[in-house]
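S.K.: got a structure for you, letters missing:
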Ligand SMILES: NC(=O)NCCC(=O)O
Ligand SMILES: [Zn+2]
Ligand SMILES: [Zn+2]
């Protein structure tokens, strides 16, 4: 049945205006004042914002990591995402050396099929460039619609790739129209610092942060940016945590290098002191890169405001405190890295960003949805409210406040890192391609209704990047 959203305030990355939205056959077909449509279901959005659905570019669902598997799978994770106002996720498909890329992608399809309640895409991890990988890559990008490639510069002996692999991935990405994503930390130096700390008897969670200093995130970020310039390619730095990394991204962008940066709510709100909580509770706050000293938060907020960082991902990678995080009791290096953020990403940015006056409401939409759609080949199908777009819509009440808690969240995990933080605003109704996933704060979706989205190739023009003709001089 058609749906007509009436009396809401539509907000996009560029506009804010009063209008009604008509949805027919999963698509937005009309936007205007005083619309009428016989037989359409009316959704009253008086006093509410009508936002494009959030797009989370960074999730890890049903992922084996750190000797265990993430607590959220594609059903629980996407449900929680929808409660939080996210209507599309892009999850990381892990690969293994010697295993065909197509087989890893098939494994990820099997994890998601029949479970996801919202639409999803995949990024593809590149651990090593071999003849087989080179032969398969064009098909993955152009036929399978997996148009972003992930290279880990850390997690030595697990996921870490060498600089040669990063450089050749950048060259392949340029040739076939993909965006290269990096986890930018110097894994070799971290490996040394971890061994040294453990040899000296330092086993507590705080040593996770102390063995991954911000200077080596900055170093790896600068190295990746310079290789991008040399390859005349395009780069997206995931989960930026610190001033040093922001400086490297800014310097490269100022020189015309096509580099983008993402941060995450945890780095904007939490700091290194959380790792010192007693009774091993610090393990709940173990992310890589780690939480930083408080002054970095201001650098990240300023970078979002000034456009030096452009997106917010959740890096959702949930592990229970009891039974998973405690694998690292007595050895911080065995604590599974990651935390549950998929549900709160959207509302935290609204509350801490818009309601506290740090960013405008249009910047908010750009950072949680529109720019991500443009970077990852989803725009204009997703990421905005316009005639012809998928009807992925969040009806958001800005006039309520609520306190985040594991008691009330929908993620399949026994703690929330933002426990006790009171935020302003909440999603009330969430539509995915015109169908209810959340209706008046109740789940109304269907596992399996979410579809895999084949994404378009990297399109610099949609991002305002002028065509790159020659390698940038650094
Ligand atoms: N970030 C983190 O600690 N866990 C997820 C894996 C990654 O993104 O590095
Ligand atoms: Zn990472
Ligand atoms: Zn991640």
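M.R.: Good, I have the coordinates. Keep in mind it's a predicted model, so treat the numbers as computed, not measured. Ligands and ions are numbered 1, 2, ... in the order given.

S.K.: for this structure, what lies in contact range of ligand 1?
M.R.: Counting by CB under 6 Å from any ligand atom, the residues of the chain close to ligand 1 are 60, 183, 239, 287, 288, 315, 317, 337, 338. Where you see a C-beta, it was placed from the backbone N, CA and C, and this is true even at glycine.

S.K.: please, which helix or strand holds the nearest residue to the fifth one once chain neighbours are set aside?
M.R.: Pointing back at residue 288 there. Distance criterion CB to CB, 6 or more residues apart in numbering; nearest residue to residue 288, sequence neighbours excluded, is residue 337 at 4.6 Å. Following DSSP states H and E, one finds residue 337 outside all helices and strands.

S.K.: what packs against the helix or strand residue 207 falls within?
M.R.: Following DSSP H and E, one finds residue 207 within helix 206-210. Using 3 or more CB pairs under 8 Å, 6 or more residues apart in numbering; DSSP states H and E, the elements in contact with helix 206-210 are helix 187-199.

S.K.: buried stuff in the helix it packs on?
M.R.: Buried residues in helix 187-199, counted by 16 or more other CB atoms under 10 Å: 187, 189, 190, 191, 193, 194, 197, 198.

S.K.: now for the following helix or strand past the helix holding residue 207, which elements pack on it?
M.R.: As assigned by DSSP H and E, the chain's next helix or strand after helix 206-210 is helix 214-231. Under the contact criterion of 3+ CB pairs under 8 Å, 6+ apart, helix 214-231 touches helix 163-176, strand 179-183, strand 234-237, helix 243-254, strand 258-263.

S.K.: any chance of these in TSV with mean neighbour count and mean pLDDT as columns?
M.R.: Shown next, in TSV, are the helices and strands packed on helix 214-231 (neighbours: other CB atoms under 10 Å; pLDDT from 0 to 100):
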stretch	mean neighbour count	mean pLDDT
helix 163-176	19	98
strand 179-183	27	99
strand 234-237	27	98
helix 243-254	21	98
strand 258-263	25	98
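
S.K.: about what we covered before: what's the closest of the buried residues of helix 187-199 to ligand 1?
M.R.: residue 187 (10.9 Å; CB to the nearest ligand atom).

S.K.: let me see the contact set for that closest one.
M.R.: Neighbour list for residue 187: 152, 153, 154, 155, 156, 160 [criterion: CB atoms under 8 Å, 6 or more residues apart in numbering].

S.K.: which residue packs closest to the last one, ignoring adjacent ones?
M.R.: Spelled out, that is residue 160. Residue 160 sits nearest to residue 187 (CB to CB, 6+ apart), 4.3 Å away.

S.K.: measure the one you found to residue 197 for me?
M.R.: 15 Å (CB to CB, to the nearest Å).

S.K.: ok, residue 460 next?
M.R.: 43 Å.

S.K.: for residue 429, pull up the helix or strand it's in.
M.R.: Assigned by DSSP H and E, residue 429 falls in strand 422-432.

S.K.: what element comes up after that strand heading to the C-terminus?
M.R.: Beyond strand 422-432 in the direction of the C-terminus, DSSP H and E gives the next helix or strand as strand 435-439.

S.K.: by contact count, what packs against that next one?
M.R.: helix 74-83, strand 422-432.

S.K.: just name the most buried of these.
M.R.: helix 74-83 (a mean of 28; mean count of other CB atoms under 10 Å).

S.K.: for it, packing partners?
M.R.: strand 54-59, strand 86-93, strand 422-432, strand 435-439, strand 442-443.

S.K.: would you mind giving the ones you listed as JSON lines with mean pLDDT added?
M.R.: Shown next, in JSON lines, are the helices and strands packed on helix 74-83 (pLDDT from 0 to 100):
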{"stretch": "strand 54-59", "mean pLDDT": "99"}
{"stretch": "strand 86-93", "mean pLDDT": "99"}
{"stretch": "strand 422-432", "mean pLDDT": "98"}
{"stretch": "strand 435-439", "mean pLDDT": "98"}
{"stretch": "strand 442-443", "mean pLDDT": "98"}
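
S.K.: how much space separates the residue nearest to residue 160 from residue 295?
M.R.: Shown here: residue 187 relative to residue 295, a distance of 25 Å by CB to CB.

S.K.: same question for residue 119.
M.R.: The gap separating residue 119 from residue 295 is 38 Å, by CB to CB.

S.K.: check residue 318 too.
M.R.: 28 Å.

S.K.: the two: which has the busier surroundings?
M.R.: Ranked by neighbour count (other CB atoms under 10 Å), residue 318 and residue 295 place residue 318 first, with 30 against 10.

S.K.: what's the local residue count around the residue lying closest to the more buried one once chain neighbours are set aside?
M.R.: Among residues not flanking residue 318 along the chain, residue 340 sits closest, at 3.8 Å (CB to CB, 6+ apart). Residue 340 has 28 neighbouring residues, counting by other CB under 10 Å.

S.K.: test my guess that residue 340 contacts residue 417.
M.R.: Yes. The criterion here is CB atoms under 8 Å, and residue 340 meets it with residue 417 at 7.0 Å.

S.K.: quick one: distance of stretch 254-266 to the chain centre.
M.R.: How far stretch 254-266 lies from its chain's middle: 13 Å, per CA atoms, centre = their mean, to the nearest Å.

S.K.: one more: stretch 399-406?
M.R.: That offset, for stretch 399-406, works out to 22 Å (CA atoms, centre = their mean).

S.K.: would you mind measuring from residue 347 to ligand 1?
M.R.: Using CB to the nearest ligand atom, to the nearest Å, residue 347 is found at 21 Å from ligand 1.

S.K.: give me the mean pLDDT for the helix or strand containing that residue.
M.R.: Secondary structure assignment for residue 347, by DSSP H and E: helix 345-348. If you average the pLDDT over helix 345-348, you get 98.

S.K.: please apply the same query to stretch 458-470.
M.R.: Mean predicted confidence for stretch 458-470 is 81.

S.K.: partners of the residue of the stretch 51-200 of the chain found nearest ligand 1 in the sheet?
M.R.: In the stretch 51-200 of the chain, no residue comes nearer to ligand 1 than residue 183, which is 4.9 Å away by CB to the nearest ligand atom. Bridge pairing for residue 183 (DSSP bridges) gives the partners residue 152.

S.K.: same question for residue 436.
M.R.: residue 431.

S.K.: show me what contacts the residue of the stretch 51-200 of the chain closest to ligand 1?
M.R.: When contacts are taken as CB under 8 Å, 6+ apart, residue 183 is in contact with 150, 151, 152, 153, 154, 155, 159, 238, 239, 288.

S.K.: out of those residues, who's nearest residue 259?
M.R.: Of all the contacts of residue 183, residue 259 sits closest to residue 238, with 12.2 Å by CB to CB.

S.K.: and the closest one, what are its phi and psi?
M.R.: phi -80, psi 160 (degrees, to the nearest 10).

S.K.: ok, it to residue 305 distance?
M.R.: Residue 238 is 20 Å from residue 305, by CB to CB.

S.K.: more crowded one of the two?
M.R.: residue 238 (23 against 15).
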